[in-house]
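S.K.: Build me a structure from this.
(chains A and B)
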Protein chains: 2
Amino acid sequence: MLQFRFIKASLLASKILTHSSINFCRGVPNCKGFRILRSQMGSFSTSSQSSKFLFRQLFEKDSSTYTYLLADVSHPEKPALLIDPVDKTVERDLSLIQELGLKLIYAMNTHVHADHVTGTGLIKGKVPGVKSVISKASGSKADLLVEQGDKIYFGDLFLEVRSTPGHTLGCITYVTGDGSDQPQPKMAFTGDALLIRGCGRTDFQGGSSEQLYNSVHSQIFTLPKDTLIYPAHDYKGFSVSTVGEETLYNPRLTKDEETFKNIMTNLNLSYPKMMDIAVPANLVCGIQSKA
Amino acid sequence: MLQFRFIKASLLASKILTHSSINFCRGVPNCKGFRILRSQMGSFSTSSQSSKFLFRQLFEKDSSTYTYLLADVSHPEKPALLIDPVDKTVERDLSLIQELGLKLIYAMNTHVHADHVTGTGLIKGKVPGVKSVISKASGSKADLLVEQGDKIYFGDLFLEVRSTPGHTLGCITYVTGDGSDQPQPKMAFTGDALLIRGCGRTDFQGGSSEQLYNSVHSQIFTLPKDTLIYPAHDYKGFSVSTVGEETLYNPRLTKDEETFKNIMTNLNLSYPKMMDIAVPANLVCGIQSKA
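M.R.: Numbers count the residues shown, from 1 in each chain, chains lettered A, B, ... in the order given. Here you go, the predicted model:
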């Protein structure tokens, strides 16, 4: 029987969500706790079903949303998580997870989406034991409310939470862990904070162009240059970028802060057609009120 | 000045297209010719801008076509190739290639597409020196007409041609090379021969369900189980599969040959809406007649 435990912030310097064990590292820099480092796990193959790390990028065409499946397939339980699942494609995602023999443990969101209904609630109804994850700052209901520095373990792999508000007040970026036993190069799941050659709008849901600028520059552009950027959406058919590329070629975020704020103020975007349905639903894991 | 040479089949046991050097291996098994093997290139990171191999999967939404960009970024010239470019997204692809500092040398097709116009002709008009590549069996015009066993070098990396007819008479699959200096796991660009949990139709353009069955079983399912399958299309939002997965879960090609032929005979698909425009154009690299 596996344990799913959530260690409270009051107990640890940074919270750690772990699939099968708990790592106690109270404020000790670079502490590895009692977890065994698996040096043989140094070789990762992104986008592949390698013997260590499985990664799949999945696309929902109507909202141009990317859902990400990550799993530690070297762990006996093959624990897996989904980032930004969409209600319309839950059946596809769960079917793939079943075929690959994975055990889904987390259904996570980068933020409260305004353009589609999250699949989190549906997944929880279909797969007992799955925990929903979103940021505490989002004001949403979920099983686990995370914040800056929290670690989310799936097997021997983990994601670290970086707070990247600005598109919404509660936006977070999930970044693969430090260490040679974690995917190389690093991967950052940036939600709508940083898109490929773009970024999310900042004119509703507690958005702030000043905050977004600072979030991207302090929390994402400081990652290694070869860090892979996997956004929540792409509208032009790109699937991945890197920190190095975006620091050179992002047409908005390479500008100075004042220019960026002016760009964001003058986008003149229309009201998202799904917003009035999606946002209330997504505040409660995508389960819409039957009232 | 780099040389682009095309070695005729009559000279070599298998033709080799090479960016900066020629490999003479007349029928010698496992011959490496005079090419220097770069042992430090053993580590590849699929989908990443690693120091060795750059790979990008690009999507064209109207026809659900995947275009693939591959480059050897450890080579001084950063030679690159595009597989199955689409006319509508040529500007996007060339802009990305320019930003990444790559030198595009080949614009390749897996077959004569019926659902979109290839970008090959447009690319040749915009980037001098780019060679178009398609199979000899396709009956198309192109700079390089390839067949079973041919090798297409870009820097120190290469793709090998496998003949996989059945969707059309001239379908080929490009497979990354053998050797520890080539991408691991292997990658197979299967065009429409093998799709994720599906396959291309077989009812026009010299298609044959019997031939397709044999092509996939003899040329693709015989690759290592962890070989990544990158098809020309996906309509459900999948981006990649593996040989292992398709041999287990492909709903058509896991059946016996007779059942497969019955499935393909009874698909009752409508006539492709782009066919009368796309096929004539694609027989001449996508450049439509002005007559």
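
S.K.: CA only for contacts and neighbour counts going forward, please
M.R.: Will do.

S.K.: quick one, what contacts A:Ile83?
M.R.: A:Thr67, A:Tyr68, A:Leu69, A:Ala107, A:Met108, A:Asn109, A:Thr110 (Cα atoms under 8 Å, 6 or more residues apart in numbering or on different chains).

S.K.: who's it bridged to?
M.R.: Taking DSSP bridges as the rule, A:Ile83 bridges to A:Tyr68, A:Met108.

S.K.: Can you give me the distance of A:Val284 to A:Arg92?
M.R.: A:Val284 sits 22 Å away from A:Arg92, going by Cα to Cα, to the nearest Å.

S.K.: Check A:Arg162 too.
M.R.: For A:Arg162 relative to A:Arg92 (Cα to Cα), the value is 29 Å.

S.K.: on that earlier part again, let me have the contacts of A:Ile83 in JSON lines, extended by neighbour count and pLDDT.
M.R.: Compiled in JSON lines, these are given as follows (neighbours: other Cα atoms under 10 Å in any protein chain shown; pLDDT from 0 to 100):
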{"residue": "A:Thr67", "neighbour count": "26", "pLDDT": "98"}
{"residue": "A:Tyr68", "neighbour count": "21", "pLDDT": "98"}
{"residue": "A:Leu69", "neighbour count": "22", "pLDDT": "98"}
{"residue": "A:Ala107", "neighbour count": "26", "pLDDT": "98"}
{"residue": "A:Met108", "neighbour count": "26", "pLDDT": "98"}
{"residue": "A:Asn109", "neighbour count": "29", "pLDDT": "98"}
{"residue": "A:Thr110", "neighbour count": "26", "pLDDT": "98"}
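
S.K.: Would you indicate which residues of stretch A:54-64 are buried?
M.R.: Neighbour-count burial for stretch A:54-64 flags A:Leu54, A:Phe55, A:Arg56, A:Gln57, A:Leu58, A:Phe59, A:Glu60, A:Lys61, A:Ser64 (criterion: 16 or more other Cα atoms under 10 Å in any protein chain shown).

S.K.: try stretch A:272-280
M.R.: Judged by neighbour count using 16+ other Cα under 10 Å, the buried positions of stretch A:272-280 are A:Ala278, A:Val279, A:Pro280.

S.K.: I'd like the average pLDDT over that stretch.
M.R.: Confidence over stretch A:272-280 (mean pLDDT, whole number) is 89.

S.K.: so how far is it off the chain centroid?
M.R.: Taking Cα atoms, centre = their mean, to the nearest Å, one finds stretch A:272-280 lying 20 Å from the centre of the chain it belongs to.

S.K.: What of stretch A:99-106?
M.R.: Worked out by Cα atoms, centre = their mean, stretch A:99-106 lies 17 Å from the chain centre.

S.K.: Send me it as PDB with only the CA atoms.
M.R.: Taking C-alpha atoms only, stretch A:99-106 is exported to PDB below (Å, rounded to 0.1, in the frame of the first residue of the first chain):
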ATOM      1  CA  GLU A  99      -2.000   1.300 -22.100                       C
ATOM      2  CA  LEU A 100       1.400   2.500 -20.800                       C
ATOM      3  CA  GLY A 101       0.800   0.700 -17.500                       C
ATOM      4  CA  LEU A 102       1.200   3.900 -15.400                       C
ATOM      5  CA  LYS A 103      -0.400   4.800 -12.100                       C
ATOM      6  CA  LEU A 104      -1.800   8.300 -12.200                       C
ATOM      7  CA  ILE A 105      -1.200  10.000  -8.800                       C
ATOM      8  CA  TYR A 106      -1.600  13.800  -9.500                       C
END
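
S.K.: got a list of contacts for that stretch?
M.R.: A:19, A:71, A:73, A:77-82, A:97, A:127, A:129-133, A:154, B:245, B:249.

S.K.: Out of these, which sit inside strands?
M.R.: A:Ala71, A:Pro79, A:Ala80, A:Leu81, A:Leu82, A:Lys131, A:Ser132, A:Val133, A:Phe154 (DSSP state E).

S.K.: isn't the fourth one right up against A:Phe154?
M.R.: Yes - at 7.4 Å, A:Leu81 counts as touching A:Phe154 under the criterion of Cα atoms under 8 Å.

S.K.: Identify the contacts common to the two.
M.R.: Contacts common to A:Leu81 and A:Phe154, judged by Cα under 8 Å, 6+ apart, are A:Ala71, A:Ile105.

S.K.: Which residues of the stretch 101-250 of chain A lie near chain B?
M.R.: Residues of the stretch 101-250 of chain A lying near chain B by Cα under 8 Å from any Cα of the partner chain: A:Gln184, A:Pro185, A:Asp226, A:Leu228, A:Lys236, A:Gly237, A:Phe238, A:Ser239, A:Val240, A:Thr242, A:Glu245, A:Tyr249.

S.K.: Whichever of the residues you listed end up buried, select them in ChimeraX.
M.R.: A single ChimeraX command is used to select the members of those judged buried by 16+ other Cα under 10 Å:
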select /A:184,185,226,228,237,238,239,240,242,245,249
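
S.K.: so which two of the residues of the stretch 101-250 of chain A next to chain B are the farthest from each other?
M.R.: Farthest pair in these (Cα to Cα) is A:Gln184 and A:Lys236. Separation: 26.2 Å.

S.K.: quick one, what contacts the closest residue to chain B within the stretch 151-291 of chain A?
M.R.: Using Cα to the nearest Cα, the single residue of the stretch 151-291 of chain A nearest to chain B is A:Gly237, 4.2 Å away. Taking Cα under 8 Å, 6+ apart as the criterion, A:Gly237 is in contact with B:Leu58, B:Phe59, B:Glu60, B:Lys61.

S.K.: Would you format the residues you listed as a markdown table with distance to chain A included?
M.R.: Formatted as a markdown table, the contacts of A:Gly237 follow (distance: Cα to the nearest Cα, whole Å):
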| residue | distance to chain A |
| --- | --- |
| B:Leu58 | 5 |
| B:Phe59 | 4 |
| B:Glu60 | 6 |
| B:Lys61 | 7 |
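
S.K.: The nearest residue to A:Asn109 once chain neighbours are set aside: neighbour count?
M.R.: Of all residues not flanking A:Asn109 in the chain, A:Asp84 sits nearest, at 4.7 Å (Cα to Cα, 6 or more residues apart in numbering or on different chains). Residues near A:Asp84, counting by other Cα atoms under 10 Å in any protein chain shown, number 28.
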